[in-house]
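Asker: sequence? don't have it. structure:
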């Protein structure tokens, strides 16, 4: 079972690499899957449909997503939603997402809850089954000075509960791909 931990922000000063590495470390302690950080900033994905953009990373992005059985999206809440970069990266592909499972770990002033809810609707259209448990990290209590990730102890339990749902769903959906 291969699970991609997708960093959903590309902005300067983003916090998603810290959160993603922590989620990956918690997940790897379980020994139930192979977990890999997938940073959308590493792929050249201009805005979909704009002429003249360098889309040289699109094929690699497609291969990376297709190789995964499931995903954990690390989602920052910007303006009550997901980042434009994440929406663009999701829109670049279609069949590569189909019949896979996903968990969401969000962060923001209200734990990124609004971004997570927007992402759920998008995932549904891509035939991705998202799991119910949703670790929501607060910029006020899980980050020091809003920039250094220091999660409360209970957050690791939440990640494990999310993975307890994600792994069986990803396993089951693999049988229909």
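Answerer: Cool, got the structure. In this text, all values refer to a predicted model and were calculated from it rather than measured experimentally. Numbers count the residues shown, from 1 in each chain.
Asker: secondary structure class of the residue of the chain positioned farthest from its centre, three-state.
Answerer: Centroid-distance maximum for the chain: residue 52 at 28.2 Å, with Cα atoms, centre = their mean. The three-state assignment at residue 52 reads coil, by DSSP: H, G, I helix; E, B strand; the rest coil.
Asker: for it, grab phi and psi.
Answerer: Main-chain dihedrals, residue 52, degrees, to the nearest 10: phi 80, psi 0.
Asker: what about it, distance to residue 46?
Answerer: Noted for residue 52: a distance of 8 Å to residue 46, by Cβ to Cβ, to the nearest Å. (C-beta placed from N, C-alpha, C; glycine too.)
Asker: hey, what's in contact with both of the two?
Answerer: Counting by Cβ atoms under 8 Å, 6 or more residues apart in numbering, residue 52 and residue 46 have no contacts in common.
Asker: how many other residues sit next to residue 60?
Answerer: A total of 13 residues lie near residue 60 under the criterion other Cβ atoms under 10 Å.
Asker: show me what contacts it?
Answerer: Counted by Cβ under 8 Å, 6+ apart, residue 60 has contacts residue 43.
Asker: from residue 26, how far out is residue 125?
Answerer: 29 Å.
Asker: who has more neighbours, these two?
Answerer: residue 26 (21 against 11).
Asker: look up the closest residue to the more buried one, ignoring the ones flanking it.
Answerer: Nearest non-adjacent residue to residue 26, counting by Cβ to Cβ, 6 or more residues apart in numbering: residue 159, 4.8 Å away.
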